[in-house]
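Colleague: Give me a 3D structure for the following:
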Amino acid sequence: MTEQLTRLGCLLLALAIGGCGQPKDPVFHDQFFAFGTLIEISLYGVDAQLAESISEEIEQEFMGMHASWHAWQPSVLSSLNDHLSRLEPTTTDSSILPLLGEAGRLSQQSGGLFNPVIGNLIALWGFHDNPLPVGTLPDGAAIKDLVEQAPTVSDITIGDDLITSVNPSAAYDLGGFAKGYAIDLAINRLRASGIENAIINAGGDLRVIGQHGNRPWRIGIRHPRESRILASIEVSGDTSVFTSGDYERFFEVDGKRYHHIIDPRTGYPARSTTSVTVIHSDAATADAATTALFVAGPDQWLATARNMGIRYVMLIDKQGTIHMNPAMQSRIHFESGLDAQISLSARLQ
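Modeller: Okay, here's the model as predicted:
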């Protein structure tokens, strides 16, 4: 798994710097593991000592956030979930309150398709480091029960002093959002240090600022069913590119794939989509939006994107059809040999 992540990160960055061997330009690179994936930092034109120092600081901050926001191992978040499950008003570390507030705002914008309080459903499917026995599925009655309890962010009230819940099934799992939020914080730290040209890449989900010298950064988008790049996008200024796919975490039973992107309306993995790519200015919004649009599927993604203020979307459905809006079509470059139907939507904005 580690080697696969490393190769994928190298492949994505190769598009930006011209290869994973000797860089052609003065780009500082560092990498570490957090949030269950490989985090890669690339800084362009930065003094080596400053680059090393700021990279070490970001690594420590990511490790701290990962530990604090963990949904099932002992953490600030798991302690909060324990109190919420007993409907006990509780205090929590003030550092996570903006995180929870932003997760709630984005969930409401998505109409609940991005739902950060379905942690019990995700655990039931074995995606909390508790994999199900090979060849088995969760108990259908247990899924039905959780869906009927319908936990949403509206069940939770975040006050100045206390957090309360009226639904014992509500449990935070920020896996569809935490990476993006952490990347935004890291970009803020880079800018505070005077760094204006950089990429922070978390397993293929990334935010870039500035340029790569006198040219844009070129970002690859993975093919959802093949070990190759499907397309690329040139980005500069301040841009986040995030992709959610059914190939990231999954298991198979009787030849059917069951992945980690759960539709909160059914309690089962969303069935109509294989991947979604979103471009947005901030990483947190892009991260949550890819989850919401994946669940929305080919029939509902356009309305959901509008509600969330997303301007650039590419969705690939189960049949391999590529759905996108005209703004995304103008920015994306497909690799040669593309053999797929493209369905162009109305304009988003």
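Colleague: In three-state terms, how would the residue positioned nearest the centre of the chain be classified?
Modeller: The C-alpha lying nearest the average C-alpha coordinate of the chain belongs to Asp287 (CA atoms, centre = their mean; 3.7 Å). Look at Asp287: counting by DSSP: H, G, I helix; E, B strand; the rest coil, its state is helix.
Colleague: begin at 31 from here
Modeller: Sure, I'll start numbering at 31, so the last one becomes Asp317.
Colleague: Where does the residue nearest to Ile362 when sequence neighbours are not counted fall, secondary structure wise?
Modeller: Take Ile362 and drop its neighbours on the chain: the residue closest to it by CB to CB, 6 or more residues apart in numbering is Ala261, 5.1 Å away. Glycine gets a C-beta too; all of them are placed from N, C-alpha and C. Element membership for Ala261 (DSSP states H and E) is strand 259-265.
Colleague: Give the other helices and strands that that strand contacts.
Modeller: If you count contacts as 3 or more CB pairs under 8 Å, 6 or more residues apart in numbering; DSSP states H and E, strand 259-265 packs onto helix 32-47, strand 247-252, strand 362-364.
Colleague: Can you give the distance of that strand from its chain's centre?
Modeller: Offset of strand 259-265 from its chain centre (CA atoms, centre = their mean, to the nearest Å): 18 Å.
Colleague: List of residues touching it?
Modeller: The contact list for strand 259-265 (CB atoms under 8 Å, 6 or more residues apart in numbering) reads 41, 45, 238, 246-254, 271, 309, 344, 361-365, 368.
Colleague: Flag every buried residue along the helix or strand encompassing Asp214.
Modeller: Per DSSP H and E, Asp214 falls inside helix 208-222. If you call a residue buried by 16 or more other CB atoms under 10 Å, then helix 208-222 has these buried ones: Ala208, Lys209, Gly210, Tyr211, Ala212, Ile213, Asp214, Leu215, Ala216, Ile217, Leu220.
Colleague: among the helices and strands of this structure, which has the poorest mean pLDDT?
Modeller: helix 32-47 (a mean of 40; mean pLDDT, DSSP states H and E).
Colleague: before we move on, the earlier item: now the residue nearest to the centre of the chain: closest residue in space, sequence neighbours ignored.
Modeller: Asp317 sits nearest to Gly210 (CB to CB, 6+ apart), 2.9 Å away.
Colleague: Which residues are in contact with the one you found?
Modeller: Gly210 touches Asp235, Arg237, Ser270, Phe272, Asp312, Ala313, Ala314, Thr315, Ala316, Asp317, Ala318, counting by CB under 8 Å, 6+ apart.
Colleague: Now with 7 Å, please.
Modeller: Applying CB atoms under 7 Å, 6 or more residues apart in numbering to Gly210 gives the contacts Asp235, Phe272, Ala313, Ala314, Ala316, Asp317, Ala318.
Colleague: what do you get for Phe207?
Modeller: With CB under 7 Å, 6+ apart, Phe207 has these contacts: Ala133, Pro146, Ala314, Asp317, Ala318.
Colleague: any idea how far it lies from Ile249?
Modeller: Per CB to CB, to the nearest Å, Phe207 is found 20 Å from Ile249.
Colleague: for Met354, same thing?
Modeller: 16 Å.
Colleague: Tell me which of those two has more neighbours.
Modeller: Ile249 (25 against 21; other CB atoms under 10 Å).
Colleague: Name the residues linked to that one by a beta bridge.
Modeller: Ile263 (DSSP bridges).
Colleague: so it touches Val271, yeah?
Modeller: Yes. With contact defined as CB atoms under 7 Å, Ile249 reaches Val271; the gap is 5.2 Å.
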